[in-house]
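Novice: How does the following fold in three dimensions:
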Amino acid sequence: MTPGDPQFVTVGTGVDSRRIAVRTVPGRDPAVVWLGGFRSDMESTKALALAEWAEASGQAMVRFDYSGHGVSDGRFEDGTISRWRDDAMAVIEALAGPAPLLVGSSMGAWITLLVARTLRAAGRPAHGLVLIAPAADFTETLMWDRFAPAVRAQILETGLWLRPSAYGDEPYPITRGLIEDGRRNLVLDGPIATGCPIHILQGMQDEDVPWRHAMRLVEHLPGEEVVATLVRDGDHRLSRPQDIARLVDAVAAMVR
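Specialist: Numbers count the residues shown, from 1 in each chain. Predicted coordinates for the structure are as follows:
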């Protein structure tokens, strides 16, 4: 764990009010913002590596835990793509400056795209995006479309299915709310306008987000400057030393 207490940004009002835990590195703009994946937190290998790079290079950085993740308020089971997007927007508005560089991993890449569209619509597009194993629309195309009929029925009837995880002993709660909200946030149904350059890093041995899914995303970014790096032996995490070096290089190049 990172030493010292995090700061908190409050999101929502009334019964929906929640505190989002944030850690920052002071430095020059553009601020690099880390948006983590499903059930991940801001103490992940890639997030910490970027924080170390930011501190060493004098670059501003912001990393945070979505509600229901890490040390932020809330239950994971109450989370949805909309809710986590709102968490990200609140942190960015409060701490990331006018044109941040957004780095999204897996689910975080989907949320990054939603945030980038919002920033562009407000007339202040992001400095750039770095997307790692981008799981855009994953609740539909990588979950619901692949679930067995019995799993779908359980989610519809009970509102919850505990999905076994390859990354830990605890299963992932998949809720009906998550699936239904995901459908309201799909981005692969048309062009995605972000107004900034994009670099995608994708492992070709990724069993969670197949590399062809990332290439499908590229097809929906027709108006953007897009670079896609395929790592032939890379898995979903892309957390080996050579993968971390590639990520840091991509972010540093985008800063420049």
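Novice: so where's the stretch 1-150 of the chain shaky on pLDDT?
Specialist: Within the stretch 1-150 of the chain, the segments meeting pLDDT under 70 span 1.
Novice: Would you map the helices across it?
Specialist: Listed in chain order, the helices of the stretch 1-150 of the chain (DSSP state H, counting those that start in this stretch) span residues 45-57, 81-95, 107-121, 138, 149-158.
Novice: quick one: the closest residue to V103 other than its chain neighbours from R212, how far?
Specialist: Spatial nearest neighbour of V103, chain neighbours left out: V130 (4.6 Å); criterion: Cβ to Cβ, 6 or more residues apart in numbering. In short, each C-beta sits where N, CA and C put it, glycine included. Going from V130 to R212 by Cβ to Cβ, to the nearest Å gives 20 Å.
Novice: higher neighbour count, the two?
Specialist: Comparing V130 with R212 by other Cβ atoms under 10 Å, the one with more neighbours is V130, at 25 against 9.
Novice: quick one: that one and L178, what's the gap?
Specialist: 25 Å.
Novice: Likewise for H213?
Specialist: 18 Å.
Novice: Quick check: closest non-adjacent residue to I81.
Specialist: N185 (4.6 Å).
Novice: Is the one you found located within a helix, as I assumed?
Specialist: No: membership of N185 in a helix is not supported by DSSP: H, G, I helix; E, B strand; the rest coil, which gives coil.
Novice: one step back: between the helices of the stretch 1-150 of the chain, which one is nearest to Y66?
Specialist: helix 81-95 (4.4 Å; Cβ to Cβ).
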